[in-house]
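*Asks:* take this sequence and fold it.
(2 chains)
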Amino acid sequence: MFAWWCFVEKNDFLAWLRSIEVKWQEKWREARAFEPRVEPDKPKYFITVPYPYTNAPLHIGHGRTYTIGDIVARYKRLRGYNVLFPMAFHITGTPIIAISERIARGEEKIINRYKGYVSVYVKDPVEVEKIIESFKDPLKLATFFAERVHLDFDALGYSIDWRRKFHTGEPVYNAFVTWQFLRLKEKGLITQGDHIVTYCLLHKQPEGEDDIQDADVNPVEILEFTAIKFKLVDEENTYLVAATLRPETLFGATNLWVNPEADYVLVKWRGEKIIISKEALVKLQHQHPDDEFKVLKEFKGRELLGKKCISPLGRELYVLPAKFVDPDNATGVVYSEPSDAPYDYAALMELKRNPEQLREYGLDPSIVKDIEPIKIIEVPGVEGHHAAVVVEQMGITSQYDPRLVEATKTAYREQYYRGKMIVDDPEFKGLSVSEAKEKIKKKLISMNMAFIFYELNRKAFCRAGGKIIAAKIKGQWYIDYSVPWWKEKTREYVEKELKIIPVKYKKAMLDAIDWLEKRPCARKRGLGTRLPFDPEWIIESLSDSTIYMAFYTIIHIIRKNNIKAEQLKPEVFDYVFHGKGDPKKISAETKIPVEVLEEMRKEFTYWYPVDQRHTGIAHISNHLSFFVFHHVALFPPEHWPRMISLNEMVIREGVKMSKSKGNVILLRDIAEKYSADLFRLYAAGAANLDTILDWREKEVEMVIDNLRKFKVLAEKALRAECKETCGERFIDKWFMSRFNKIIEEATNALDNMEIRDYVQNAFYQVLSIIDHYRERTSPEEALCMVKRILDKWIKLLNPVIPHLTEEIWSWMNGEGFLSLNEWPVAKKEEINEEVEALENMVERLVDDIKNVLNVLSPKPTKAVIIVASPWKYEVVKLVEQGKSIKEIIQSIRDKHGLKGREKEIIDTIQQYKKAPLKEALKVNPTNEYNVLVEAKNYIEKKTGLEITIMWEEEARTQKVPRAEKAHPLKPGIYLH
RNA sequence: GCGGGGGUGCCCGAGCCUGGUCAAAGGGGUCGGGCUCAGGACCCGAUGGCGUAGGCCUGCGUGGGUUCAAAUCCCACCCCCCGCACCA
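*Replies:* Residues are numbered from 1 along each chain as shown, chains lettered A, B, ... in the order given. Take a look at the predicted model:
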């Protein structure tokens, strides 16, 4: 019953939190609190987080990133910066279109998924149906989710300037991207060429992951086979083409395999006749779209059996049957290398065991007798033929055994990384397998004995069932990130100037920049902007999102003045971003008033560059690299981005969130079931930026309790009746010292993007010093202390829990929005190292007493605490000054009349050297005595002993044992 | 493979860059206590081992090394995670 009651109480609190969150969000919106104007005298801070792709609701993983962005925005605002934190929506690319088409096609699975997504926001099922229906228009789908995500962001309290929102399908945005691509082209950064892609035979167009069945879970890769030509002995200019991923094994080829039941073709191509499978021909044609292929003959594989071929190395090989050969994989012909390839070994052995099989095909069984594996690769630790070893170890006897896949994997891996070629050919002898592979491939191709054949790593079909193959498309447009001046400039900037947090990702960023080469930047499908110089193509989604932060600075002006896309000619952007051209002339051409042009220019030059871009680590090798690259290409150095900050992803209860697992927590759930401040506090405080955040319900519950504790504390503190002259005891000073230090630490943490540290300090540490203070004093006094610091405390917490602190600020009758107030400054004069040292001493003392109490029996009931004689403090100081033992003894003895007690001086020195309590240097002995007197009740409470406090000299005269064990900041204790 | 990150106490997780004050923060869990309530709120304590005086021993993936001193620096090994492209 109580459990139930508590549960309700917790939910009530959350409901209350949500209610004040909505209230403050409305107030901020009404007051346009986060819509900054250009204020030339005020320092600006321009922070951006990448706009979301709006094909589905966002989840807490996204929320983590945006929340961190907002915390920084709010912090900088409190620090007196004019902060611009804008947001827009990304709809460019194929996924939205793909979804739209699948809905239109009536695909049950996707419709249900989207019904689920829509019902997150729309409760009425009839309405949901209507909306799903509207999704047949991709733009409707995109804008639906864009609008919802906007609401979700508001519900999390993000301090976004929404006047500047747009989506990437808008004509005005297209005009901006058009400008960008024209200028990139002029700079020679855009090239055209051939490209191998996944291609759909049904739709006769390239189709990527979004269009291929299960490609999201089981990715489709394009593999590069080496297709090697084996000349048929009895035929003129005719080759059997065997494809392999391991051309170096050609040295050990013993025969060729074809599938007797499969269809093969004899094709005239490039003046030669080649034999490949029927399926392979289609692929080859698509990989050489300009070539002519003439099919001379079609026949079954069995017709090839028993024929002899000559390998490029000159060896004569028989063509033999093997049913494991898949005609729909590469050329449908393979050569056999039974020494290293488990499949080949298994098939060969099977054939040797059942030579009658050969008779079926009219072959003489004796031909297999002579075929033996040829060892060409030596792998340390492997005796004999590697394939034989593996196959026999696993007890595989048939070429159909599925374990051969695994066997192949292990054998190949070992060969590839550890294997050495032991062939006779001096050119290859001794090479590692990986070296030999590349070398022979090149050689064979240059000899015209081989060509590259592209094949997929698995069978793949488009969502409509069309077969996917690897094909070459011509005239693909690229952005060429390998252009030397561009790469060098970008690299240098990133290396020397760009700040990257956490720093450990700088290397990753530099590597990505080095590694980037040509990247296809347009496709024939999808939403987005057309390439201005080749409008058949649509600019691909990552390429149109590299410098759009510049667009934030002017979009609201474009809207305010109702400027149309047609007016946004490239010259407009040249002027706004570069000050190039004559505004009057541009105005005349575009009908955009000169003042508006100038306003845009002013806005851009005020806000640019981007001071900070914050996003997920996953973006380093693509978006973030492009972001820097494009700025370097299109803007002068003073407008290049200043800082990139990154955070890791979010998982839930130790496992990745995914649609299929159904364990995704959406941002909408935060707004409806949890609370914005709760999420913010948790997301920011539970893990460092570079650590994966594990959302654990149990811990979230704890955070709820802590938030509630905070709220109750504030409430009670404000109601508390306190004397103005709140005490100046040691413990009060201690509290203020700690609190001021926390302000300093929290500030430092935020300045260094150590968000978790900030939360730990500003929230948890403060709660913990309040607890300690309460224990040392009383609940009432603790409340008064909270009252004293409350306004600073809520300011400190405002960036992370803006709603609750805003609410408390209103209870305090604070003026204006707390969110627009000032960041608290630590009072240096209240930081008191001596007092902190003394409090540490008290804590240590309590620990020590308990420790001793632990060992003693029978249990004592009283304790004497003995404060070291003041001369011992002097000893400590002299030791620190580096005085010799002799000197110290002399001066202390003379000064304090300790003749005959030199041994004690030495003990003191030794004790200090053994365990130097440097804090003792900051402490006045009288204060040590006094603080103990002040803490007497506390110590009694903690230890359950009756406490007496004495100076060492007094204890000595009273013959209290162990009195001489008192040392500075380590009082002697005697329990009895 | 190439490139990057990481392995810490029952669990999660800080610390490691800038060696000592680290048996190692903070959570969680467990056990015990308090709160005029047989409370999954809150507060306090215990939670590697040993110990009749505040101490000792073991310990931060494994094995070596540097050092007066190593979770922290160096080397080797084992294991885990991520990216490798045209996909947002």
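
*Asks:* just the helices in the stretch 601-750 of chain A please.
*Replies:* With helices called from DSSP state H, counting those that start in this stretch, the stretch 601-750 of chain A shows them at A:625-634, A:667-673, A:676-685, A:697-719, A:730-751.

*Asks:* give me the most central residue, chain A.
*Replies:* residue A:617 (2.9 Å; Cα atoms, centre = their mean).

*Asks:* list the contacts of the residue nearest to that one when sequence neighbours are not counted.
*Replies:* For residue A:617, ignoring the flanking residues on the chain, the nearest one in space by Cβ to Cβ, 6 or more residues apart in numbering is residue A:646 at 4.8 Å. C-beta here means a position set from N, CA and C on the backbone, and glycine is covered the same way. Residue A:646 makes contact with A:500-502, A:505, A:614-617, A:619-620, A:689-690, according to Cβ atoms under 8 Å, 6 or more residues apart in numbering.

*Asks:* could you pick out which of those residues are near RNA strand B?
*Replies:* A:505, A:619, A:690 (Cβ under 7 Å from any atom of the strand).

*Asks:* any idea of the mean pLDDT for the lengthiest strand in chain A?
*Replies:* Longest strand in chain A, counting residues (DSSP state E): strand A:468-480. Strand A:468-480 comes out with an average pLDDT of 89.

*Asks:* and it, what other elements does it pack with?
*Replies:* Other elements packing on strand A:468-480 under the criterion 3 or more Cβ pairs under 8 Å, 6 or more residues apart in numbering; DSSP states H and E are strand A:190-200, helix A:278-287, strand A:450-456, strand A:518-520.

*Asks:* can I get these in a markdown table with distance to RNA strand B, mean pLDDT and mean neighbour count?
*Replies:* Formatted as a markdown table, these follow (distance: least, Cβ to the nearest atom of the strand, whole Å; pLDDT from 0 to 100; neighbours: other Cβ atoms under 10 Å):
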| stretch | distance to RNA strand B | mean pLDDT | mean neighbour count |
| --- | --- | --- | --- |
| strand A:190-200 | 6 | 86 | 18 |
| helix A:278-287 | 16 | 93 | 20 |
| strand A:450-456 | 11 | 90 | 20 |
| strand A:518-520 | 3 | 86 | 17 |
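
*Asks:* how is chain A divided into domains?
*Replies:* Domain assignment for chain A by automatic domain parsing gives A:19-167+A:648-691, A:222-456, A:561-607, A:696-831, A:846-975.

*Asks:* can I get those domains in CSV including distance to residue A:550?
*Replies:* Shown next, in CSV, are those (distance: least, Cβ to Cβ, whole Å):
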stretch, distance to residue A:550
domain A:19-167+A:648-691, 10
domain A:222-456, 36
domain A:561-607, 6
domain A:696-831, 24
domain A:846-975, 54
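
*Asks:* can you tell which of the ones you listed is closest to residue A:538?
*Replies:* domain A:19-167+A:648-691 (8.2 Å; Cβ to Cβ).

*Asks:* lowest-confidence helix or strand of chain A?
*Replies:* Ranking every helix and strand in chain A by mean pLDDT, DSSP states H and E puts helix A:403-418 at the bottom, with a mean of 74.
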